[in-house]
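Asks: I'll drop the sequence and a predicted model, then ask my questions.
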Amino acid sequence: MAKQRPVTDSPAWAGIRLIRPWNVLMIVVAMGLITESLLLPAFGGELPPHQQAIFALGTLAMAALAAGANVINDYFDVAEDRVNRPDRTFVGRVITRRQTLALNYTLTGIAVLSSFGIAAAAKSIVPALWIVILGVLLWGYSPWFKRRFLRGNLIITLSVGQLPLWCLALLESRSFDRWLELFKSTEGNILLGYVVLSGYITLLREITKDWQDAEGDALAGYDTLPVRWGAKRTKSLLHRMHFVGWGMIGVTWWASITLVHRPLAPLFFALPFLAAHMQLARNQVASVSAWQKLTLAGGLLYLAGFIV
């Protein structure tokens, strides 16, 4: 295989690429939409100024934590990335390993300090513990969890599924009775369905990405599902999981019709998910992963449909 040069020779631009700004932007947008479309209506109004400040700090903390996790993932994945995506391997070639660690420490520090600010303002230790525990899990993803069968996939699924709960914790971190009240409401049921469906699609995408990266992961000694099972069994599993996904989208559709009278909203999930399923049948692994990501982006449009 001929060596490929990275797509940039600029350390600053490489640092931006390591952060994956589009993924971070999706987190910021998701937090805003989750809160505006479901949480605020359930809590009955707009946020007072001090809670707006808490929510802004919470958004900064989660965005910085995710960006730092992306950076440290590339720091540990250099060997396999040189096989799987040589044109996007920046660490050790465009940006030094020391600079990469410094970027991670800076972003993680911003996240932790922001969470301490939230804890002080909200008079609750829950937000600080939340960020610290999630940060430990994400930092350990590449050196430990990702290398072990299904553990890394579940960590990423958890990190996506927790996002609506983080938004809820920013609004109410001292009275879990309010949480129980929320999940008994129509908005709470829609939110729970969104958490489960987006988490499940994330799990599908993580397995698909492992299938895409199987060659480099095998050389690096990773015990991922595709490395252990092989491409044929992995594809068969993904087919079955996609059919389960259709059942979950069907439940979401039913809830959207009967609870909130928005029959078209689930199309934002369904159409890109259909495209992913069709690409899976054609063994177009990279396209499957891309359409699964668009399905998650469609989930944001699904939430936006409850605002307009």
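Replies: Perfect, thanks for sending it. Numbers count the residues shown, from 1 in each chain.
Asks: make it CA atoms for all contacts and neighbour counts henceforth
Replies: Fine.
Asks: Quick check: which element contains Gln52?
Replies: Taking DSSP states H and E as the criterion, Gln52 maps to helix 49-76.
Asks: Can you name the next helix or strand after that helix?
Replies: helix 78-84.
Asks: Return the list of helices and strands in contact with the strand or helix carrying Trp246.
Replies: Using DSSP H and E, Trp246 sits within helix 231-258. Identification of packing neighbours for helix 231-258 by 3 or more Cα pairs under 8 Å, 6 or more residues apart in numbering; DSSP states H and E yields helix 186-212, helix 225-229, helix 267-281.
Asks: If you count neighbours, what's buried in the helix or strand just after the longest one?
Replies: Read that as helix 186-212. Per DSSP H and E, the first helix or strand lying C-terminal to helix 186-212 is helix 214-219. For helix 214-219, the neighbour count (16 or more other Cα atoms under 10 Å) marks 214, 216-217 as buried.
Asks: Just give me the closest of the residues you listed to Lys146.
Replies: Lys146 lies nearest to Asp217 out of the buried residues of helix 214-219, by Cα to Cα, at 9.8 Å.
Asks: Correct me if wrong: the closest one contacts Glu80.
Replies: Yes. Counting by Cα atoms under 8 Å, Asp217 touches Glu80, with 5.7 Å between them.
Asks: what domains does the record give for this structure?
Replies: 7-175, 185-308 (automatic domain parsing).
Asks: quick one: average confidence on the first one?
Replies: This points to domain 7-175. Average pLDDT, domain 7-175: 87.
Asks: The last one too?
Replies: Along domain 185-308, the predicted confidence averages to a pLDDT of 90.
Asks: Numbering from 11 from now on, please.
Replies: Noted, 11 is the first residue going forward, which turns the last one into domain 195-318.
Asks: what's the nearest residue to Arg243 if we skip its chain neighbours?
Replies: What sits nearest to Arg243 in space, not counting adjacent residues and going by Cα to Cα, 6 or more residues apart in numbering, is Pro236, at 7.9 Å.
Asks: In contact with that neighbour, which residues?
Replies: Residues counted as contacts of Pro236 (Cα atoms under 8 Å, 6 or more residues apart in numbering) are 217, 220-221, 224, 243-244.
Asks: try 10 Å
Replies: Residues near Pro236 by Cα atoms under 10 Å, 6 or more residues apart in numbering: 159, 217-225, 227-228, 242-245.
Asks: what do you get for Leu181?
Replies: Here Leu181 is in contact with 45, 49-50, 53, 57, 61-62, 64-65, 68, 132, 175, 188 (criterion: Cα under 10 Å, 6+ apart).
Asks: next helix or strand past whichever strand or helix holds Leu180?
Replies: For Leu180, the element it lies in under DSSP H and E is helix 173-181. Next in sequence after helix 173-181, counting helices and strands by DSSP H and E, comes helix 186-193.
Asks: Return that next one as CSV; C-alpha atoms alone will do.
Replies: Output of helix 186-193 as CSV, limited to C-alpha atoms (Å, rounded to 0.1, in the frame of the first residue of the first chain):
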residue,chain,number,x,y,z
PHE,A,186,-35.2,13.6,41.5
ASP,A,187,-38.9,13.7,42.1
ARG,A,188,-39.1,16.3,39.3
TRP,A,189,-37.3,13.7,37.1
LEU,A,190,-40.0,11.1,37.9
GLU,A,191,-42.7,13.6,37.2
LEU,A,192,-41.2,14.5,33.8
PHE,A,193,-41.0,10.8,32.7
